[in-house]
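Novice: Dropping the sequence and predicted coords here.
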Amino acid sequence: MADMDCTWDRLQQFAGSLGFDFSDKKIELFKTYFNLLIERNQSVNLTAIVTLDDVIRKHFIDSLFLARALKGRKMARILDLGSGAGFPGLVLGIVFTDSEIVLCDALRKRVHFLKDIRDALGLVNVQTIHARAEELARLDTYRDSFDVVTARALAPLHAVVEWGMPFLKPYGTLIAMKGPGVVDEVSEAAITVRMLKGTHTQTSEYELPDGAGRRTLVEVEKLAPTPKNFPRKPGEALRTPLAVASKIR
């Protein structure tokens, strides 16, 4: 028990080093999240990372690095695509209680889990949606309406850009959470970024604690409304990247 307490103390201290003053009450939310994650992971495939230390380092702290990148920005409304087990979306919901956080996933079982965690944590600022991005982006309620769109290890960058950009307001930001070495992905996504009226603004790297690995944030800003023909039908962004489709035409 003492070792577990020390682990949670480290999360609290690391959050402080990233600029977040976590109260004991907020740490209790993370404890509840962890316990429910491990419990439900036995019946729903949510994560292969299951030890307390690893969940804190590779899920919670990884999500907090994104939260640090968002601090001080306009973000009344945030969409997390492919939320899975809730990283980073639920963590953002815990940290940014004044922002509306929408969690979207295409697998109903995962959405049920996200809703249960949302309710258990009392996160009234979080909404869960079962939908494919390509279909959700056609609805006026969601298209051109978000300040920030996030996606963590979801798909190649060109697909994330095609799925995510239609949701953003002009001058909103898409942030893709990636592993190290994304130079080729950024290059391959350049045509997609341009066709969807965006610009790649920055790529930043960070190191998870205890040698848990390097991660990258790739940011794309939306400069103008997305053309109405994007995103394409479900599956097309992965099957035929726009860089390939434009050559075919």
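Specialist: Everything's here; your move.
Novice: low pLDDT regions in this protein?
Specialist: 1-3, 246-249 (pLDDT under 70).
Novice: how does it look with 90?
Specialist: For the chain, residues meeting the criterion pLDDT under 90 lie at 1-6, 74, 243-249.
Novice: Strands of the protein, residue ranges please.
Specialist: Using DSSP state E, the strands assigned to the chain run over residues 77-81, 100-105, 126-130, 146-152, 168-178, 198-207, 214-222.
Novice: Paired strands for the fourth one, with orientation please.
Specialist: Think strand 146-152. Each strand pairing with strand 146-152, determined using DSSP bridges, is listed with its direction: strand 77-81 (parallel), strand 168-178 (parallel).
Novice: Could you figure out how far that strand is turned away from strand 214-222?
Specialist: On the basis of axes from the mean of the first three to the mean of the last three CA atoms, to 10 degrees, strand 146-152 is oriented at 150 degrees to strand 214-222.
Novice: what's next to strand 146-152, contact-wise?
Specialist: Counting contacts by CB atoms under 8 Å, 6 or more residues apart in numbering, the residues outside strand 146-152 that touch it are 62-63, 66, 70, 73-82, 84, 87-89, 92, 102, 160, 163-165, 167-169, 172-177. From N, CA and C alone the C-beta is placed, and that goes for glycine too.
Novice: Likewise for the first one?
Specialist: The set of residues that contact strand 77-81 without belonging to it, under CB under 8 Å, 6+ apart, is 70, 88-89, 92, 96, 99-104, 133, 142, 145-152, 154, 160, 163-164, 167.
Novice: same deal with the second one?
Specialist: Judged by CB under 8 Å, 6+ apart, the contacts made with strand 100-105 from elsewhere in the structure are 76-84, 86, 89-90, 92-93, 111, 114, 118, 123, 125-131, 133, 136, 142, 146.
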